[in-house]
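>>> Have a look at this prediction, sequence included:
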Amino acid sequence: MRIGIDARFLGPQGIGLGRYTQELVQNLEKIDKKNEYVVFLRQENFDLYRPKNKNFKKVLADVRWYTLKEQLVLPGVFSRENLDLLHVPHFNIPIFYRGKKVVTIHDIIKHKHGGRAATTRAYPIYLLKQLVYRFVISNAAKTASAIITPSKFVKDKVAKTFGVSPKKIYVTYEAGTLTAKERTSVEKKVERVLGKYNISKPYLLYVGNVYHYKNVSRLLDAIKILNEEKGKNVQLVLVGARDVFRQRLEREIVEKGVLKYVVLTGYVTDADLVDLYKEAEAYVQPSLSEGFGLTSVEAMSLGTPVVEADASCLPEVAGDAALYFDPYSPRDIVEKLAKVLGNKKLRESLSKKGLKRAKDFSWERMARETIKVYEKAAKNA
């Protein structure tokens, strides 16, 4: 079978999608010696990917995502390769591509968590983009021979939202990418990492963007109560690159009077991030909606206790290896965080359970399951 992979997101410029695409391609190379693969890349990541398997080749598809050119030019680029199957690891399948295809839909958060708080653009432009998004993702779901989702939660949402049969939707769980090997064992080096970001122990950690559905605003309320009413003297460390949404959050931090309790690190390297996970009292995930919950899995894999929202896919992925709170209630967030901060045995228990749970997820397993999806999709009419 000749399989195409739209890998224009591959690499760090694609953020989460880039990581998923890179892990997919790398692991398919390791395990699949039977099928042929054509990997489509942009100029920015063309040199980043160097095939090691003779059945893999790369093709330049220098078309930016979410553009008119993507819809009009890309179908021809794909068609010229005479593919038996095309895998697009995001919802943005060109509507004019008529070949057999598999699509990965990581979440449908934009359907539920839209509105003015979800954008920094002029509202009419945002509404137009929403209409286009809804049309493109609906077309992808309905025309794909198979759909891949990272959790049963997303599978159910996709089936109900787009009216497609659950029988053509397959769950392939993803995995964390950080390992303890990247962490230094030198205590002074760890102290330098904490000092580099002005972090004092004890601290709670959150990693990710700060879009409105991530619910970081209620986490700010909780950290204020923890310090001013519960006397916990704990920092909240927020890791993530600075963007317009983070600038909004910076203003909110000042308005809520929690500046002295919060550290905004900006972007951090993977090596530093491992140290930040390992030294945290707990990892906190307050999000109202996730497709998989990658950062929680990373925290578990490094032995960091996880305290997170009882929402979306998070309980499905973490199971009994996390302590859950009502994400709409700052008081309940405080109660669960205080419980973990004040109980060393509970932290140790969550750490052990998390390490065990994290072993259930691997990128190689995800790639093997994806090959099975390809085989089933190829047989579908």
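Arrived safely, thanks for sending.

>>> hey, let's count contacts and neighbours off CA atoms from now on
Noted.

>>> Got the domain ranges for the protein?
Segmentation of the chain into domains, based on automatic domain parsing, reads 2-175+362-379, 180-358.

>>> want to throw those into a markdown table with mean neighbour count and mean pLDDT?
Formatted as a markdown table, these follow (neighbours: other Cα atoms under 10 Å; pLDDT from 0 to 100):
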| stretch | mean neighbour count | mean pLDDT |
| --- | --- | --- |
| domain 2-175+362-379 | 18 | 92 |
| domain 180-358 | 19 | 94 |
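
>>> Next secondary structure element downstream of whichever strand or helix holds Ile3?
Using DSSP states H and E, Ile3 sits in strand 2-6. Beyond strand 2-6 on the C-terminal side, the first helix or strand identified by DSSP H and E is helix 15-31.

>>> Mind giving me the packing neighbours of that following helix?
Identification of packing neighbours for helix 15-31 by 3 or more Cα pairs under 8 Å, 6 or more residues apart in numbering; DSSP states H and E yields helix 363-379.

>>> now the angle between helix 15-31 and the helix it packs on, please.
For helix 363-379 against helix 15-31, the angle by axes from the mean of the first three to the mean of the last three Cα atoms, to 10 degrees is 80 degrees.

>>> and helix 363-379, what other elements does it pack with?
Counting contacts by 3+ Cα pairs under 8 Å, 6+ apart, helix 363-379 packs against helix 15-31, strand 101-104, strand 146-149.

>>> For those, give me JSON lines that also has distance to Asp6.
Formatted as JSON lines, the helices and strands packed on helix 363-379 follow (distance: least, Cα to Cα, whole Å):
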{"stretch": "helix 15-31", "distance to Asp6": "9"}
{"stretch": "strand 101-104", "distance to Asp6": "10"}
{"stretch": "strand 146-149", "distance to Asp6": "15"}
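
>>> and Val234, which of these is closest to it?
Across those, Val234 has its closest neighbour in helix 15-31 (29.2 Å, Cα to Cα).

>>> closest to Pro315 out of the helices and strands packed on helix 363-379?
Nearest to Pro315, of the helices and strands packed on helix 363-379 and by Cα to Cα, is strand 146-149 at 16.2 Å.

>>> relative to helix 15-31, how tilted is the strand holding Ile3?
Relative orientation of strand 2-6 and helix 15-31, computed by the same axes, to 10 degrees: 160 degrees.

>>> Now strand 2-6 - C-alpha only, PDB.
Provided in PDB are the C-alpha atoms of strand 2-6 (Å, rounded to 0.1, in the frame of the first residue of the first chain):
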ATOM      1  CA  ARG A   2       1.200   3.500  -0.900                       C
ATOM      2  CA  ILE A   3       0.400   5.800   2.000                       C
ATOM      3  CA  GLY A   4       0.700   9.600   2.100                       C
ATOM      4  CA  ILE A   5       1.200  11.500   5.300                       C
ATOM      5  CA  ASP A   6       0.500  15.300   5.400                       C
END
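
>>> list the helices and strands that strand packs on?
Packing partners of strand 2-6 (3+ Cα pairs under 8 Å, 6+ apart): strand 36-41, strand 85-88.

>>> Just send these back as JSON lines, with distance to Ser329 too.
JSON lines is the format used below for the helices and strands packed on strand 2-6 (distance: least, Cα to Cα, whole Å):
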{"stretch": "strand 36-41", "distance to Ser329": "44"}
{"stretch": "strand 85-88", "distance to Ser329": "38"}
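
>>> And the closest residue to Phe56 other than its chain neighbours, how far from Leu236?
Distances taken as Cα to Cα, 6 or more residues apart in numbering place Tyr37 nearest to Phe56, at 4.7 Å, with adjacent residues excluded. Distance, Tyr37 to Leu236, using Cα to Cα, to the nearest Å: 45 Å.

>>> Nice, that's everything, thank you.
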